[in-house]
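[1] pasting the structure only:
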C-alpha cells in the first residue's frame with residue numbers, strides 16, 4: 001500500500017550495507033524492495049490552491065536528472081501547464097547538488113508536487129554525469145518520477161511496473177554497469193479535479209534497456225493498475241515510453257506493440273505532435289541518437305494543440321536530452 005508523507009524515508013547505513021552485500025538475484029531484489037520503506041512511499045509537498053477549469057494544459061518531460069531545477073521550471077512557465085508529468089528527477093544526488101529537484105521546481109512554479117522513487121542509486125551515476133558531482137556521496141540517492149499540479153491531489157498511487165531488478169540483477173546486456181541501482185520502472189497516478197470532475201493523471205517511465213515485449217508487458221501492468229485505482233475515470237498518461245529502444249537496426253517506434261495494446265483498452269494516441277523528442281545534452285551518453293520516446297496516451301478526453309517544446313534555454317544550453325511534450329485536454333463523455 002502506498003503511503004504519502006512530507007519526506008521520503010532515507011536509507012539507513014545498515015540498509016545500505018544490506019543492499020551492497022546482497023546477491024544480485026531477482027529474489028534478493030524483491031526482498032530489498034519490500035524492506036526499504038521509500039519504495040512504497042510518495043513524497044507530497046508544495047502549494048496547490050487553485051481549481052482547474054478545462055481545458056487542462058499538460059506537459060510531460062523527462063528532465064534527465066534535472067541539473068537545473070529553476071531554469072527547467074522557467075522553461076515551462078510561459079505555457080502555463082496546470083499539470084506537469086515529470087520523469088528522471090533526482091533527490092539528494094551529488095550530480096544535482098543534493099537538491100530535491102521536484103520540490104524546487106514546484107516551489108518556483110507555485111504548484112503542489114508528488115514524487116516517487118524509481119531507483120535508489122548505489123553510485124554517483126554514469127561517466128558523463130560525474131563532472132557535475134561536487135560531493136563523493138549521495139545524501140539520499142533517489143531518482144524517480146513525479147507530478148506537479150496547480151490543484152490539490154484527491155488521491156495518489158505508486159505503481160510498480162516490474163520488481164525483478166532489471167538494473168540490480170541484469171540479464172546479459174540489459175543494464176549499464178556504471179549505474180548500479182535498486183528499484184525498477186514505475187508510475188505515479190493522481191486523481192485531480194478538472195471542472196469539478198475527477199480525472200486521473202499518470203506520470204510514467206518505461207524500460208530503456210529492454211525490447212518491445214518488455215515495454216508491452218509494462219503497459220499492460222500500468223493499464224491494469226489504473227483500472228484498479230481509477231475505474232471509469234478519464235485518464236491522461238504522459239511520459240518517456242522509450243519507444244524504439246533496443247530495436248536495431250532502425251530503432252523505429254512504429255514497431256512497438258504497446259500502441260495497439262492501449263487502443264484495445266479504449267485509449268487513444270491523438271494528442272501527440274509529429275517529430276522526434278530527443279536531443280544532445282550536457283550529460284547524455286548517446287548524443288548521436290534521434291528518437292521519438294515521449295508520449296501522451298488518453299481515454300475519455302479530447303486532446304488538441306499538441307506540440308513539442310525544445311529543451312534549450314534562452315542561452316542555448318540544453319536542459320535535458322528530451323524535449324517536453326505539451327497538449328490541452330477537454331473532457332468528453334464519461335468512461336464506462
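    That came through fine. No experiment lies behind these values; they were computed from the predicted model shown.
[2] hey, let's count contacts and neighbours off CA atoms from now on
    Noted.
[3] mind telling me what element the residue nearest to residue 63 when sequence neighbours are not counted is part of?
    Leaving aside its chain neighbours, residue 63 sits nearest to residue 320 (5.3 Å; criterion: Cα to Cα, 6 or more residues apart in numbering). Assessed by DSSP states H and E, residue 320 sits outside every helix and strand.
[4] neighbours around residue 320, how many?
    26 (other Cα atoms under 10 Å).
[5] who touches it in this structure?
    62, 63, 64, 66, 279, 281, 282, 311, 312 (Cα atoms under 8 Å, 6 or more residues apart in numbering).
[6] give me the distance between the fifth one and residue 146.
    Read it as residue 279. Distance, residue 279 to residue 146, using Cα to Cα, to the nearest Å: 22 Å.
[7] cool, and the last one?
    Spatial separation of residue 312 from residue 146 under the definition Cα to Cα is 21 Å.
[8] between the two, which one's more packed in?
    residue 146 (28 against 18).
[9] hang on, that one in a strand?
    Yes. Membership of residue 146 in a strand is supported by DSSP: H, G, I helix; E, B strand; the rest coil.
[10] show me the beta-bridge partners of it.
    As for beta bridges, residue 146 partners with residue 86, residue 115 under DSSP bridges.
[11] wait, it touches residue 83, no?
    No. The pair residue 146 and residue 83 fails to qualify as a contact (Cα atoms under 8 Å) at a distance of 10.6 Å.
[12] now do the helix ranked longest in the chain: everything it contacts.
    Counting by DSSP state H, the longest helix found in the chain is helix 212-229. The contact list for helix 212-229, computed with Cα under 8 Å, 6+ apart, reads 157, 159, 161-162, 187, 189, 206-207, 241, 243-247, 256-258, 261-262.
[13] what are the buried residues along that helix?
    By 16 or more other Cα atoms under 10 Å, the buried positions in helix 212-229 come out as 212, 214-223, 225-226, 229.
[14] residue 49 - nearest residue in space that isn't next to it in sequence?
    That would be residue 151: by Cα to Cα, 6+ apart, it lies 5.8 Å from residue 49.
[15] show me what contacts the residue sitting nearest the centre point of the chain?
    Centroid check for the chain by Cα atoms, centre = their mean gives residue 87 as the closest residue, at 2.7 Å. Contact analysis of residue 87 by Cα under 8 Å, 6+ apart lists 61, 62, 63, 64, 144, 145, 146, 203, 204, 205, 239, 240.
[16] do you know how far the fifth one is from residue 234?
    Relative to residue 234, residue 144 is positioned 24 Å away (criterion: Cα to Cα).
[17] these two: who's more crowded?
    The neighbour comparison of residue 144 against residue 234 (other Cα under 10 Å) goes to residue 144, with 26 against 23.
[18] so who does the more buried one touch?
    87, 88, 89, 90, 115, 116, 117, 118, 119.
[19] closest one to residue 193 out of those residues, please.
    Nearest to residue 193 among these: residue 115, at 18.9 Å, using Cα to Cα.
[20] could you pull up the residues touching that closest one?
    With Cα under 8 Å, 6+ apart, residue 115 has these contacts: 42, 43, 44, 102, 144, 145, 146, 147, 188.
[21] could you rerun that using 7 Å?
    Each residue near residue 115 by Cα atoms under 7 Å, 6 or more residues apart in numbering is listed here: 42, 43, 44, 145, 146, 147.
[22] hmm, back to that, next step: the contacts of helix 212-229 restricted to strands.
    Judged by DSSP state E, the contacts of helix 212-229 include 157, 159, 187, 189 as members of strands.
[23] looking at those residues, which is nearest residue 53?
    residue 189 (19.9 Å).
[24] from residue 161, how far off is that closest one?
    Distance, residue 189 to residue 161, using Cα to Cα: 13 Å.
[25] if you count surrounding residues, which of the two has more?
    Of the pair residue 189 and residue 161, residue 189 is the one with more neighbours under other Cα under 10 Å, namely 28 against 23.
[26] list the contacts for that one?
    By Cα under 7 Å, 6+ apart, residue 189 lies in contact with 156, 157, 158, 200, 201, 202, 203.
[27] do that again at 8 Å, thanks
    156, 157, 158, 159, 200, 201, 202, 203, 226.
[28] list the contacts for the residue lying closest to residue 240 once chain neighbours are set aside?
    Leaving aside its sequence neighbours, residue 240 sits nearest to residue 294 (Cα to Cα, 6+ apart; 4.4 Å). Residue 294 makes contacts with 60, 61, 238, 239, 240, 241, 242, 243, 277, 324, 325, as judged by Cα under 8 Å, 6+ apart.
[29] try it again at 10 Å.
    Neighbouring residues of residue 294 by Cα atoms under 10 Å, 6 or more residues apart in numbering: 60-62, 205, 238-243, 272, 276-278, 308, 322-325.
[30] take those and keep only those in strands.
    Going by DSSP E, the strands hold 60, 61, 62, 205, 238, 239, 240, 308, 324, 325 from these.
[31] all set, thanks.
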